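A.B. asks: Pasting the sequence and the predicted coordinates here, then a few questions.
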Amino acid sequence: MAALPKAILFDLDDTLIRAYAQPEEAWTRLLHVFAAHLDAHEPEAIERVRGTVMAEARAFWSDPAVAAKWRLDIPGARRLSVRRGLAKLGRADDALADRIADAFTELRRNEYRLYPDAHATVDALRDAGVRLALVTNGASETQRAKIERFELAHRFHHIQIEGEFGQGKPELAVYRHALERLDVAPGEAWMVGDNYEWEVVAPQQLGMCGIWYDPFGAGVPAPYLRDATAQPTRIIKRLSELVE
């Protein structure tokens, strides 16, 4: 087994479970169901709707203050993004937008999947004496349901959810609190996850190692390519690489 730290903080969504990855493909599938309602019978028309809705979503989430508020109500945020997208396309219809947004939320919920090596990796780390925390953004009810559904609660020494703690990543207080609960110093801990800002940039500001989980081989996001101060300590494509 590779050399391990005293503690590891894990992200939840799209790290231990596949939840929101590859949204382009998911939106395309969902919008085909609503093609008649959108008068979008050709692939190009579906693509236009998808691109517009996703552009509105990116703009929506780009404001940190807005994101901090709406992370606690992802379905509601999705409704707003779809409403704005349809309005931009000249098809303002809040009722239809909400139906589409809610259908996408249900699609995603039904397709949550535990990554195949998640349990084995976490269990091996705990058996090796590593202190473990699960640190996730989002609403308490939503995230607790995932944790129970995928039998994760008993695997961690500390679980920290934004909706319960009162702050979310990338606020530095989030990492500090988790480290305190694990009784380790920042230099003795890794943060593992798929969000570059939350799992690499922010924790490294405290002296933690940022392990970036990149299962689809997307590569370092463009804004960080030339930033020597924001490079991950390590990039992994499988969770099991942590214990190999």
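C.D. replies: Noted; the coordinates are in hand.
A.B. asks: any idea which helix is longest in this structure?
C.D. replies: Assignment by DSSP state H gives helix 43-61 as the longest helix of the chain.
A.B. asks: Can you spell out which helices and strands pack onto the helix or strand following that helix?
C.D. replies: Sequence-wise, the next helix or strand downstream of helix 43-61 (DSSP states H and E) is helix 64-70. Here helix 64-70 touches helix 43-61, helix 74-88, going by 3 or more Cβ pairs under 8 Å, 6 or more residues apart in numbering; DSSP states H and E. Quick note: C-beta positions are derived from backbone N, CA and C, even for glycine.
A.B. asks: Comparing these, which comes out most buried?
C.D. replies: The highest mean neighbour count among the helices and strands packed on helix 64-70, using mean count of other Cβ atoms under 10 Å, belongs to helix 74-88: a mean of 19.
A.B. asks: what's the angle between that one and helix 43-61?
C.D. replies: Counting by axes from the mean of the first three to the mean of the last three Cα atoms, to 10 degrees, helix 74-88 lies at 120 degrees to helix 43-61.
A.B. asks: and the helix or strand following helix 74-88, average pLDDT?
C.D. replies: Per DSSP H and E, helix 74-88 leads on to helix 94-110 as the next helix or strand towards the C-terminus. The average pLDDT for helix 94-110 rounds to 97.
A.B. asks: Would you point out the helix or strand in the chain whose mean pLDDT is lowest?
C.D. replies: Using mean pLDDT, DSSP states H and E, helix 64-70 stands out as the lowest-scoring helix or strand of the chain, at a mean of 93.
A.B. asks: For this structure, which segments count as strands?
C.D. replies: For the chain, strands defined by DSSP state E occupy the ranges 7-10, 17-18, 113-114, 131-136, 158-161, 189-193, 209-213, 234-236.
A.B. asks: Name all residues that make contact with the closest residue to residue 105 other than its chain neighbours.
C.D. replies: Using Cβ to Cβ, 6 or more residues apart in numbering and skipping the chain neighbours, the partner closest in space to residue 105 is residue 75 (4.7 Å). The contact partners of residue 75, taken as Cβ atoms under 8 Å, 6 or more residues apart in numbering, are 101-102, 105.
A.B. asks: And residue 75, what's its pLDDT?
C.D. replies: On the pLDDT scale, residue 75 gets 97.
A.B. asks: Tell me the spacing between it and residue 81.
C.D. replies: Distance, residue 75 to residue 81, using Cβ to Cβ, to the nearest Å: 11 Å.
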